[in-house]
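Asker: got a structure for you, letters missing:
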Ligand SMILES: Nc1ncnc2c1ncn2[C@@H]1O[C@H](COP(=O)(O)OP(=O)(O)OP(=O)(O)O)[C@@H](O)[C@H]1O
């Protein structure tokens, strides 16, 4: 299975460099990778660069042996699906149609869309009852689940999700992470998820990249990346990683780290 490789990647908006010479370990297929870091550290910018949505990019992005950095937008879109933080507000389509449209978009390139597959996916996401509802009449969390259905139905090789749990209740957060794990393993996807909830990252992801002011502070197994030291450096908090009675690691935040003075994200230019 191919890996996604990022080598010496820099990304700028105009003259302002946001991602600065980022080189990461290969992001392997079949495992869920968390992209972590404070507000403004460059997580969305990195995802957009991987999806080919930012112009001012230097360095190398490869999918297996294929150079994605210089691939056309259409070529990249065959392999990479990016789900932004929020979907367009006013699309007057029914949920089922919207997922079918997403399937059609991909089907031209790879496989034929399948009505049963759409139905099964809505069922697995727990939103089959919304199939006939209009998108612009859904709650924020319901829209987010539909966005995930639109992304997953396309069966990409690389799935980039920007805060896909931000509007979901506790039950759906767990359910969606479980489902993403199953899909990632079953289809050998490269799944990269921006998360703010460190405990979800610890519990539900295999690998993590920790961004700090546009640079990669560290990457590796999530349980190694999420440590007291990195949480202090990156988020300016005093934290402990402990195991709960079921043996799962869990982060406990004790206090803000007074040595930081202000929010660490506010230090970036
Ligand atoms: N379209 C844009 N034009 C100019 N600057 C931008 C643009 N989008 C983001 N930025 C800037 O790039 C920096 C990184 O933003 P980005 O959205 O990548 O951060 P993030 O880590 O995803 O943050 P958050 O956790 O708050 O979503 C911020 O300082 C932001 O102001």
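Answerer: Perfect, I can see it now. On a predicted model such as this, the values are computed, not experimentally measured, just so you know. Residues are numbered from 1 along each chain as shown.

Asker: check contacts around the residue nearest to residue 169 when sequence neighbours are not counted.
Answerer: Closest residue in space to residue 169, ignoring its immediate chain neighbours: residue 141 at 6.6 Å, by C-beta to C-beta, 6 or more residues apart in numbering. To be clear about C-beta, it is placed using only N, CA and C from the backbone, and glycine gets the same treatment. Residue 141 is in contact with 167-169, 172, counting by C-beta atoms under 8 Å, 6 or more residues apart in numbering.

Asker: Repeat the analysis, applying 10 Å as the threshold.
Answerer: Going by C-beta atoms under 10 Å, 6 or more residues apart in numbering, residue 141 touches 127, 165-169, 172-173.

Asker: and which of those is nearest the ligand?
Answerer: residue 166 (9.4 Å; C-beta to the nearest ligand atom).

Asker: How many residues are close by that closest one?
Answerer: 16 (other C-beta atoms under 10 Å).

Asker: which SS state does it fall under?
Answerer: coil (DSSP: H, G, I helix; E, B strand; the rest coil).

Asker: The ligand contacts on the protein?
Answerer: 13, 18, 37, 39-45 (C-beta under 6 Å from any ligand atom).

Asker: list the buried ones in stretch 141-155?
Answerer: 141-155 (16 or more other C-beta atoms under 10 Å).

Asker: can you check stretch 58-68 too?
Answerer: Those would be 59, 61-63, 68, for stretch 58-68 by 16+ other C-beta under 10 Å.

Asker: what's the farthest-apart pair in those?
Answerer: 59 and 63 (14.5 Å; C-beta to C-beta).

Asker: Pretty sure residue 196 sits against residue 38.
Answerer: Yes. Contact criterion C-beta atoms under 10 Å: residue 196 and residue 38 qualify, at 8.8 Å.

Asker: Identify the contacts common to these two.
Answerer: residue 235.

Asker: Tell me which of those two has more neighbours.
Answerer: The residue with more neighbours, out of residue 196 and residue 38, is residue 38; 21 against 15, by other C-beta under 10 Å.

Asker: so what's that one scoring on pLDDT?
Answerer: In this prediction, residue 38 carries a pLDDT score of 96.

Asker: what about it, which SS state?
Answerer: coil.

Asker: and if you look at the one 10 residues further on?
Answerer: Here residue 48 takes the helix state, with states given by three-state DSSP.

Asker: Test my guess that it contacts residue 35.
Answerer: No. Counting by C-beta under 10 Å, residue 48 does not reach residue 35; the two are 11.8 Å apart.

Asker: and for the two, which residues touch both?
Answerer: 42, 160, 162.

Asker: which of those lies closest to the ligand?
Answerer: Of the shared contacts of residue 48 and residue 35, the one sitting nearest to the ligand (C-beta to the nearest ligand atom) turns out to be residue 42, at 4.5 Å.

Asker: The residue most central in space within the chain and residue 165, how far apart?
Answerer: Residue closest to the mean C-alpha point of the chain, counted by C-alpha atoms, centre = their mean, is residue 193 at 2.1 Å. Distance, residue 193 to residue 165, by C-beta to C-beta, to the nearest Å: 8 Å.

Asker: shared neighbours, the two?
Answerer: 176-177, 180, 200, 204.

Asker: Now the buried members of the residues you listed.
Answerer: Judged by 16+ other C-beta under 10 Å, buried ones among these: 176-177, 180, 200, 204.

Asker: so can I have CSV of the buried residues of stretch 58-68 showing pLDDT and secondary structure?
Answerer: Shown next, in CSV, are these (pLDDT from 0 to 100; DSSP: H, G, I helix; E, B strand; the rest coil):
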residue, pLDDT, secondary structure
59, 96, strand
61, 96, strand
62, 96, strand
63, 96, strand
68, 92, coil
